Structure formats: structure tokens, C-alpha cells
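*Asks:* Give me a model of this one.
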Amino acid sequence: MKKLLLIIISALTLIVIPTTVSAQGIMGNWAGSPSSSIDQTAIQEQQEEEQTGKNLLSQLQSKATTCKKLTNDNFEKIGEYFMGQAIGDTSRHIQMNNMMKSMMGKQGEEQMHIAWGKRGSNCDTNASYPQNGIGFTPMLWMMGGGGNPMMGYGGWGNMMGWGGFGLGWIFMVIFWALIILGVVALIRYLTGSRYHSEDKGKTPLDILKERFAKGEIDKKEFEEMKKDVI
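*Replies:* The predicted model follows:
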């Protein structure tokens, strides 16, 4: 049991610690208030990009345009709109974009929005993310955009690359299975340790008497077992 517990803890460590470290590196001072460090001009420009993306998405939904007619610049705006809906705050959206630029460069940040735009609009549900960019989407989902009905159209399933029963679901199932197994193993280990500590220092006859007193064995069984331990 100890070996099983160590294996489970090691597996959880390999999954949880890299994720936590990555999130800490990306998020930085996310919990603070970004509004004070972002000027109104930048906020207005960001809102205009999101509005453009929203309009393009509406045109797709109404069949006023098609996926083939849209350029990467158009998909980038749609991606900005999706990201804005996920975060729910323009200032934080700008801050997140800056974090992405610092980690992936300006071109990587643009490619990330293009991929989100293509996936979320259902124009290309397999659009590739830039290197080191895949971790941003689950983080946005955790920050509050996972179930936003305003996302509509393609939704987060495509943007995260799950598409029904993709790899995302597999890893999620494995992760929670490990969590459950870890909890069960820990409980069994602690329970077993408690019993061992309670029995420590007792003779077999003492344990046998306790079992008889608790009604776990009858008098006949007690007498037969007593002969074996004396």
C-alpha cells in the first residue's frame, strides 16, 4: 500500500507542480488591479478590436460572409472577441495579451488569437496553436470563460481542442482518476496505520480478548483460538 501511495503521489506531483509553476509564471500579478497601469487609449483600441471581431462573427452566423472570405487578420479580431468574452474585463484582457507577447513574442500572440478565432468560429476546428501557446486556453477557461453563453457558435470545445472526446477529455479523466485513487489510498493507509498503532504492544491473547469482548467471536471460537496463542 505504501508503494502504491508513493506512485500516486509522484504522478500527481508530475501533473500538478508543472501546471502550477506555469500558471504562476504566466499570471504574474494577475490578482492585482491592472486598470491603473493601462491608459484609456489602449482600452478603447482593445474594445474596438473586440467589437470588430463580434461583427465578423455575426456576419458568419447570418451567412453574410463565409470562412473562405475571412483573412487571418479577421480571425485575429474574432479571437480577440472570444478572449474578451472569456476574461470579461478589457484591462485584464490587455494585460493577458502583454503576458502572451512576453512569452511567445508579438507574432506568437497574434497566431494564438488567429487559432482561437478559427476554432471558435468553426471555420477550422484543427487550427494549430503557436509553440508554448496551448496552455493559455485552459487558463482562460479557469478564469471564467468556460461556460459563457456569449461565446456561442464554436464554443470552448473547439478552442481548447477537445472537440467532443479529444485528448483534453482523456487527460481530464486520468487526472481525476488519479486524484480519487490518491484519496482512497491515503485514507486506507492512514486507517491501517491507526490500527497498527492501537495494536502495538498488545499480546495476541489481549487482542483475542478484545475481539471476544466486542462480540466479533463467540466463546467457542475464543477458547479454540486461545489454545493456539498460549
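
*Asks:* Specify the local secondary structure of Leu57.
*Replies:* For Leu57, the secondary-structure state derived from DSSP: H, G, I helix; E, B strand; the rest coil is helix.

*Asks:* if you skip the residues just before and after it, what's nearest to it?
*Replies:* If the residues on either side of it in the chain are set aside, Leu57 comes closest to Ile78, at 5.4 Å by Cβ to Cβ, 6 or more residues apart in numbering. (Each C-beta comes from the backbone N, C-alpha and C, glycine too.)

*Asks:* For Leu186, see how far away the closest residue in space to Ser58 that isn't next to it in sequence is.
*Replies:* Counting by Cβ to Cβ, 6+ apart, Ser58 lies nearest to Ala64, which is 8.0 Å off, once chain neighbours are set aside. Separation of Ala64 from Leu186 (Cβ to Cβ, to the nearest Å) stands at 57 Å.

*Asks:* Please apply the same query to Ala86.
*Replies:* Using Cβ to Cβ, one gets 35 Å for the distance from Ala86 to Leu186.

*Asks:* which of these two has more neighbours?
*Replies:* Neighbours per residue, other Cβ atoms under 10 Å: of Ala86 and Leu186, the larger number sits with Ala86, 25 against 14.

*Asks:* list the buried ones in the helix or strand encompassing the more buried one?
*Replies:* Assigned by DSSP states H and E, Ala86 falls within helix 72-87. Residues of helix 72-87 classed as buried: 74-87 (neighbour count, 16 or more other Cβ atoms under 10 Å).

*Asks:* May I see these organised as a markdown table, with distance to Met104 and pLDDT added?
*Replies:* A markdown table is the format used below for these (distance: Cβ to Cβ, whole Å; pLDDT from 0 to 100):
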| residue | distance to Met104 | pLDDT |
| --- | --- | --- |
| Asn74 | 21 | 97 |
| Phe75 | 17 | 96 |
| Glu76 | 14 | 96 |
| Lys77 | 19 | 97 |
| Ile78 | 19 | 95 |
| Gly79 | 14 | 93 |
| Glu80 | 15 | 95 |
| Tyr81 | 20 | 94 |
| Phe82 | 18 | 91 |
| Met83 | 14 | 89 |
| Gly84 | 19 | 90 |
| Gln85 | 21 | 89 |
| Ala86 | 18 | 84 |
| Ile87 | 18 | 84 |
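
*Asks:* does Tyr129 count as helix, strand or coil?
*Replies:* Counting by three-state DSSP, the backbone at Tyr129 sits in coil.

*Asks:* Tell me, what's the model's pLDDT at it?
*Replies:* Per-residue confidence for Tyr129 comes out at a pLDDT of 81.

*Asks:* how deep is it tucked in, by neighbour count?
*Replies:* One way to gauge burial is a neighbour count; for Tyr129, by other Cβ under 10 Å, it gives 20.

*Asks:* Return the closest of the buried residues of helix 72-87 with respect to Lys106.
*Replies:* Using Cβ to Cβ, Glu76 comes nearest to Lys106 of the buried residues of helix 72-87, at 11.6 Å.

*Asks:* wait, the closest one sits on Ile114?
*Replies:* Yes: counting by Cβ atoms under 8 Å, Glu76 sits close enough to Ile114 to count as a contact (4.9 Å).

*Asks:* Output the below-cut-off pLDDT ranges for the protein.
*Replies:* Residues of the chain meeting the criterion pLDDT under 70: 1-37, 132-173, 190-201, 229-230.
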